[in-house]
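Student: Here is my input; please provide its structure:
(chains A and B)
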Amino acid sequence: MLFELPPFARLPLRFDAAALRAALDVLPQDAWQPHFNTGYYQGDWSGIALTAPADAVTPLSPGQGEGRPTAHCDDFWREQLGRLQTRLRSARLLRLGPGGSIAEHRDYDLGQPGADLRLHVPIVTDEAVEFLLDGRMVPMAAGECWFLDLSRPHRVDNHGGQARIHLVLDCSPSPWLAGQIEAGLADTPPARDSRGAQAFAEFRGRVQADAALTAELAAHTDHETFAAAVLAHATAAGLRFSRADLDSAMTRGRREWIEQWIV
Amino acid sequence: MDRLMDRTDYRDWLPIRFWRDAQRWRLDWARFGDQPLREPFFRDSAEVALKRPFNLAFRRQTDADALLDWQAASPGVEPTAFIFHASRCGSTLITRMLSRLDSHVVLSEPPPFDALLRAHYVDPAIAARQPALLAALLSAYGQRRRGAERALVVKLDAWNLCELPLLRARFPATPWIFLYRHPLEIAVSQLRSPATYMVPGMIAASPLLFPLQEGLMMSRPELVARTVGRILAAGLAHCRQYGGIAVNYEELPDVVGGRLAGLFGLAEADLPSVLDGARQHAKNPVQAFEPDREAKRRAADPATRELVERWAEAPYAELEALREAQKADARTAA
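Tutor: As a prediction, the model looks like this:
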């Protein structure tokens, strides 16, 4: 690439969200296939491939081969994908059902030198969908096009009542794409705290102000009993955050300590 | 008032890191509770504290000035003595001996203290605040977390000799020692297993060490011999100018309960426990401590001997003369 990749950027490229949504509605319901990575999510996480690598084991799987359009890639989708002036290895519609969540993970393959860059185009989404990158919420809105460095820790929670659907594109790095990312950086909105992170921050403040609670929680040497005690106290205080919120705060706590030695 | 007290209450918390983010100097605090500092180095004690899940989830970060508020709210034990050293000279043995006492808070090379002592090399603007912050940082460490603490002994990093005048500016009356040994023995130890500061570029901003490019031009034995020479020369000059007590490794461990007992705030009743601490190897508690002077000297090759003689023998000889004079003075005074 021509410059160092940011954690995320909103590209100048925009899509017609209403048209994309209308095109979704004509796709047959049985085309949605469960995501292959079954260990990492809860609820409905499924997808439809529009373009898939030639060597992919299933249409939704990754691969190294050339991207080929599938039977679902009609003229409308071809036109949308054609707006990206770079080689596409895969284009997938990915759906996370209401109440669904994808556990925190890193896609290490995306972080390798020369690896594909992943773009997200939200089609159906709202404020109740929390896409967390490095523990912070990326404010993606329908019709926008975002680059995300998903070799960093990320997770998704759909707290809302409708399915979230994104068009997810794996693109070869190219000067055009680098230009789009660079041009988009200036007005990319900042990441913000998720609902869970806000509740956790408030709980942290209460712990610091309460010597007895501090002493009780600090006495734990076992992670499981500690987590159970924290969540019980938070629930009693009316603060809603999940075990995943606590775990990511602790992972960040460890990482911040370790990173001081990485120059 | 209650809210203000909440904000400035760091009872049971100790600073584990001092660093500068984009604009400000910051502190990381971990909760130690009544965990004593008995590991060979402060950073080991910090790692023990960080094993508690609480310190991963609820560790605190504050501005450096939080130290001043905390010192005002709850002043800690004043420092009893500082230990400067030429490294590989038994300084860790001394801290291990003293840390057996419930009455003594013993800080062994705490990284936040080193970072604050050298902060002005990267941020000249902090210089005016450094003396107050140094005192406030020691006050935070000197809190009576366990109840019986009455002494605070601080061992510094070897390269901190350069920052001794800065420390003296705030603590002019606190006694301090410079611990050293024959430079050939130090050199052999450093050649076998180099300390971080003997690797060019590993320790940023220290006037005591050779700059990266200069260091890389030298052979390892030359770099080690010349660096040891600089440390001994700086220790000698500071002992003369700032009244430091010269202590040779060969005097260990008895010197701790002997001519240094008063300086370290030791009572007669403390001595058996303290001297018992010398039975263990300082950095490897499984091994017994044994002087290894002859073995180290035999291991040196002729080239290393020559380099050490050229660069470090003279300040060593002068330190020995100073030490004899100090001992004679002490006998006269007694």
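
Student: Is it correct that A:Leu132 is in contact with A:Leu150?
Tutor: No - counting by Cβ atoms under 8 Å, A:Leu132 does not reach A:Leu150; the two are 11.5 Å apart. From N, CA and C alone the C-beta is placed, and that goes for glycine too.

Student: From A:Arg252, how far off is A:Thr225?
Tutor: 21 Å (Cβ to Cβ, to the nearest Å).

Student: more neighbours, those two?
Tutor: Per other Cβ atoms under 10 Å in any protein chain shown, whichever of A:Thr225 and A:Arg252 has more neighbours is A:Arg252, with 15 against 12.

Student: State the helix or strand in which the more buried one lies.
Tutor: Counting by DSSP states H and E, the element that carries A:Arg252 is helix A:243-258.

Student: May I have that helix as CSV, with CA atoms only?
Tutor: C-alpha atoms of helix A:243-258 as CSV (Å, rounded to 0.1, in the frame of the first residue of the first chain):
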residue,chain,number,x,y,z
ARG,A,243,-19.2,-10.8,30.0
ALA,A,244,-17.8,-9.9,26.5
ASP,A,245,-17.6,-6.2,27.6
LEU,A,246,-15.8,-7.2,30.8
ASP,A,247,-13.5,-9.5,28.9
SER,A,248,-12.6,-6.9,26.3
ALA,A,249,-11.9,-4.3,29.0
MET,A,250,-9.6,-6.8,30.7
THR,A,251,-7.9,-7.7,27.4
ARG,A,252,-7.3,-4.0,26.8
GLY,A,253,-5.9,-3.7,30.3
ARG,A,254,-3.4,-6.4,29.6
ARG,A,255,-2.6,-5.1,26.2
GLU,A,256,-1.9,-1.6,27.4
TRP,A,257,0.5,-3.0,29.9
ILE,A,258,2.3,-5.2,27.5
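
Student: Now it: buried residues?
Tutor: A:Asp245, A:Leu246, A:Asp247, A:Ser248, A:Ala249, A:Met250, A:Gly253, A:Trp257 (16 or more other Cβ atoms under 10 Å in any protein chain shown).

Student: In CSV: these, plus distance to A:Pro28.
Tutor: Below are those laid out as CSV (distance: Cβ to Cβ, whole Å):
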residue, distance to A:Pro28
A:Asp245, 37
A:Leu246, 41
A:Asp247, 38
A:Ser248, 37
A:Ala249, 42
A:Met250, 44
A:Gly253, 47
A:Trp257, 51
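
Student: if we look at chain B, which of the residues you listed are close to it?
Tutor: A:Leu246, A:Ala249, A:Met250, A:Gly253, A:Trp257 (Cβ under 8 Å from any Cβ of the partner chain).

Student: would you turn the residues you listed into CSV with pLDDT?
Tutor: Below are these laid out as CSV (pLDDT from 0 to 100):
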residue, pLDDT
A:Leu246, 95
A:Ala249, 90
A:Met250, 94
A:Gly253, 92
A:Trp257, 90
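
Student: Of all pairs in these, which one is the farthest apart?
Tutor: A:Leu246 and A:Trp257 (17.0 Å; Cβ to Cβ).

Student: which residues of the stretch 151-300 of chain B score low on pLDDT?
Tutor: B:280-291 (pLDDT under 70).

Student: For the residue nearest to the spatial centre of chain A, list each beta-bridge partner.
Tutor: What sits nearest the mean C-alpha location of chain A, by Cα atoms, centre = their mean, is A:Phe131, with 4.7 Å. Beta-bridge partners for A:Phe131, by DSSP bridges, are A:Val156.
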